[in-house]
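Asks: sequence and predicted structure, then a few things I'm wondering about:
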Amino acid sequence: MEPNDFRAEDGNWWRQAVVYQVYPRSFKDSNADGLGDVRGITSKVEYLATLGVDAIWLSPFYPSALADGGYDVADYRDVDPKLGTLADFDSMISECHQRGIRVFVDIVPNHSSDLHSWFQEALVSEPGSAARDRYIFRDGKGENGDLPPNDWPSHFGPSAWTRTTTSSGVPGQWYLHLFAPEQPDFNWDNTEVIEDFKHTIRFWSDRGVDGFRIDVAHALTKDMSEPYPKIRDFDVKRIPVDGSHHLFDRDQTLEIYRGWREIFNTYNPPRVAVAEASVPTRRRPRYSSPDTLGQAFNFDLMVMPWSAAKFKKSIDLNLDLAAKSGSSSTWVLSNHDVVRHASRYGLPSRTNYDTWLMSDGTSPAPDGELGLARARAATMLILALPGSTYLYQGEELGLPEVANLPAEALQDPMWMQYGMTRKGRDGCRVPLPWNQQGSSFGFGDNGAHLPQPDWFSDYSVEIQDGVMGSTLELYRSAIALRKKLQAAEDLTWVKSPRNTVHFSRPGGWHSFTNFGAKPVTLPAGTIILASAPVVDGKLPGNSTAWVTTA
Ligand code: NOJ
């Protein structure tokens, strides 16, 4: 029996999986260059196995100039030499499979790196050439074409267009990039682009990859006909629900995923995918249906204030949406794009995180204790829900955001693109503290590519390992218990006092969260886990307990 044959046993493994996001450059450095790498991940498979996760999702590890933390991919079918080799990747996946851990990789189909060989070829090719047709080149407006084709913004700055220079040094056409200038958008009407991504999906599936996380899954096909519509920003609230937006959520994009689904289903078990699709909530099932990507991220709780009523409503809505598409819901509190939830929950609910980061995390001052208490409670709550939970590396340590990174350390393209008025996302990407002491707290032997603060020591794996009540042990216990208790994907709401959320799962497993500040009496039963000490049957504020009644 092949070591990874366990995978063929259950085609539904993903429906209630715990998936742990690894941000490779910040996870573990094996060769003392300050950057996390593939061998570093392999060296921590045992850690991941004791955490109990069903799968890991690797953010991009492909060759990249790191203009956007690796989401600028120069070659979709290789490993960045700074991070290792394909052979290292094969060993990593084999180690994971031997420990029963599946592996997702990130597919970035909306744009490549400007260093991708196709874009380099396009730059030295004539306007109108086949090489330029793989991307979105347009002539500029105004006299001499020196104005961009339109005034669309990019996600990372004021303009979605950058002008090229011809080989003789003369300004030429403009190209579209919805993100950084180093991330030119592909033209998804081009069949070579369509075929190349199918090749990439087969390439990684053949290497044993179990699933794919699809970056900006709602973009891809675009209506680039003129007159161009006015697009002020990319607020999801402004995306109409009829698929008529020129850049996002167009029906043709789902056709692409139907093609991918045919490929996924040629494998045993079928490969799975999860869409990062920023679309109006009710359009989400189109991406998570069994004939498209199968699952879609639900970021609703990630952007929700700490409120029992709001959480409950959102859970209901998302369970309903998942059921509609035949998928299971996903639950997410943190990832590599947002302020870590241990910090968010310690800040007033209306905090503007960009402004807060610009104050180096001082204004308003976060309440660290409250943030951590709520973070632990929220994690236990989502781990009790039907569906799959996506965890972000470091949250199992209760890590807060590093809000005071010095300007010279910042790597996020937002920082420069927004004229140094937005710090961006580096504060949640600081390399993990494994040890209490030593060079970069055990991340590597020669520093870390983003500076770690001294207080990282207090959150290290070493300091929490085996310590009852630590956040790491809470995650380990919760994940292990969930695995034992989880049965059918049903949830029943139980009437509970104001500011609390109480539901049960089949088999008498109850989850009870106290969103308020005052202790509340727990329902009758055996307390099997609590995010804070229960005193006289009362659950403190900002805590969750699991109780069994069977
Ligand atoms: C979403 C990714 O999560 C983010 O990190 C990246 O910057 C953009 N997509 C562009 O690829």
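Replies: That came through, no problem. In this text, all values refer to a predicted model and were calculated from it rather than measured experimentally.

Asks: helix/strand/coil for L293?
Replies: Per DSSP: H, G, I helix; E, B strand; the rest coil, the local secondary structure of L293 is coil.

Asks: could we number from 10 for the rest of this?
Replies: Fine by me, first position is 10 from now on; the one you just mentioned is L302.

Asks: nearest to the ligand: which residue in this structure?
Replies: Using C-beta to the nearest ligand atom, the closest approach of the chain to the ligand is made by Y80 at 3.4 Å. C-betas here are computed from N, CA, C, even on glycine.

Asks: so who does that residue touch?
Replies: Y80 is in contact with 68-69, 73, 115, 117, 188, 192, 224, counting by C-beta atoms under 8 Å, 6 or more residues apart in numbering.

Asks: tell me which of those residues is nearest to L483?
Replies: Sorting the contacts of Y80 by distance to L483 puts S68 at the head of the list, at 24.8 Å, by C-beta to C-beta.

Asks: alongside the ligand, which residues does the chain contribute?
Replies: 77, 80, 117, 188, 224-225, 285, 345-346 (C-beta under 6 Å from any ligand atom).

Asks: for the stretch 10-159 of the chain, what spans make up the strands?
Replies: Secondary structure of the stretch 10-159 of the chain (DSSP state E, counting those that start in this stretch): strands at 27-31, 64-67, 111-116, 146-147.

Asks: now, which of the contacts of Y80 sits nearest N444?
Replies: S68 (23.3 Å).

Asks: can I assume that closest one is in contact with L75?
Replies: No - look at S68 against L75 with C-beta atoms under 8 Å: they stay out of range, at 11.8 Å.

Asks: the two: which is more packed in?
Replies: The neighbour comparison of S68 against L75 (other C-beta atoms under 10 Å) goes to S68, with 25 against 18.

Asks: give me the nearest residue to that one, chain neighbours excluded.
Replies: Leaving out its chain neighbours, the residue that sits closest to S68 by C-beta to C-beta, 6 or more residues apart in numbering is Y32, at 4.8 Å.

Asks: and the pLDDT at that neighbour?
Replies: If you check Y32, the pLDDT there is 98.

Asks: what number of residues lie near it?
Replies: Applying other C-beta under 10 Å, I find that Y32 has 24 neighbouring residues.

Asks: got a list of what A282 touches?
Replies: Contact partners of A282, counting by C-beta under 8 Å, 6+ apart, are 220-223, 266, 269, 273, 302-304.

Asks: try it again at 10 Å.
Replies: 23, 113, 116, 210, 220-223, 226, 266, 269-270, 273, 296-297, 301-305 (C-beta atoms under 10 Å, 6 or more residues apart in numbering).

Asks: and what of D81?
Replies: With contacts defined as C-beta under 10 Å, 6+ apart, D81 is in contact with 69, 71-75, 117, 120-125, 186, 188-193, 422.

Asks: how far away is the nearest residue to it once chain neighbours are set aside from L187?
Replies: Excluding the flanking residues, the one nearest D81 by C-beta to C-beta, 6+ apart is S122, at 3.8 Å. Per C-beta to C-beta, to the nearest Å, S122 is found 14 Å from L187.

Asks: ok, those two, which is more surrounded?
Replies: Remark: of S122 and L187, S122 carries more neighbours, 25 against 22, as counted by other C-beta under 10 Å.

Asks: one step back: got the residues of the chain next to the ligand as TSV, with pLDDT columns?
Replies: Output for those, formatted as TSV (pLDDT from 0 to 100):
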residue	pLDDT
D77	98
Y80	98
V117	98
F188	97
D224	98
V225	98
E285	98
H345	98
D346	98
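
Asks: pull the contacting residues for the residue nearest to D81.
Replies: Counting by C-beta under 10 Å, 6+ apart, S122 has contacts 71-77, 79-84, 128-129, 189, 191-193.

Asks: what comes up buried for the longest helix anywhere in the chain?
Replies: Ordering each helix of the chain by length in residues (DSSP state H) puts helix 317-334 first. Buried residues in helix 317-334, defined by neighbour count with 16 or more other C-beta atoms under 10 Å: 317, 320-321, 323-324, 327-328, 330-331, 334.

Asks: name the nearest residue to the residue nearest the centre of the chain, sequence neighbours excluded.
Replies: The residue lying closest to the centre of the chain (C-alpha atoms, centre = their mean) is N344, at 4.6 Å. Leaving aside its sequence neighbours, N344 sits nearest to Y401 (C-beta to C-beta, 6+ apart; 4.9 Å).

Asks: neighbours of the one you found, just the number please.
Replies: 25.

Asks: do D474 as well
Replies: D474: 14 surrounding residues under other C-beta under 10 Å.

Asks: and what of P415?
Replies: So P415, with other C-beta under 10 Å, has 8 neighbours.

Asks: residues in contact with it?
Replies: Neighbours of P415 in contact, by C-beta under 10 Å, 6+ apart: 369, 460.

Asks: measure it to G436 for me?
Replies: Taking C-beta to C-beta, one finds P415 at 12 Å from G436.

Asks: whichever strand or helix holds T398 vs helix 317-334, what angle?
Replies: For T398, the element it lies in under DSSP states H and E is strand 397-401. Counting by axes from the mean of the first three to the mean of the last three C-alpha atoms, to 10 degrees, strand 397-401 lies at 120 degrees to helix 317-334.

Asks: what about the helices in the stretch 360-509 of the chain?
Replies: For the stretch 360-509 of the chain, the helices defined by DSSP state H, counting those that start in this stretch cover 362-367, 377-392, 422-426, 470-473, 480-494.

Asks: just say which of these is most tucked in.
Replies: Sort those by mean neighbour count, taking mean count of other C-beta atoms under 10 Å, and helix 377-392 sits at the top with a mean of 22.

Asks: okay, now the domains of the chain?
Replies: Using automatic domain parsing, the domains assigned to the chain come out as 14-120+199-473, 126-185, 498-557.
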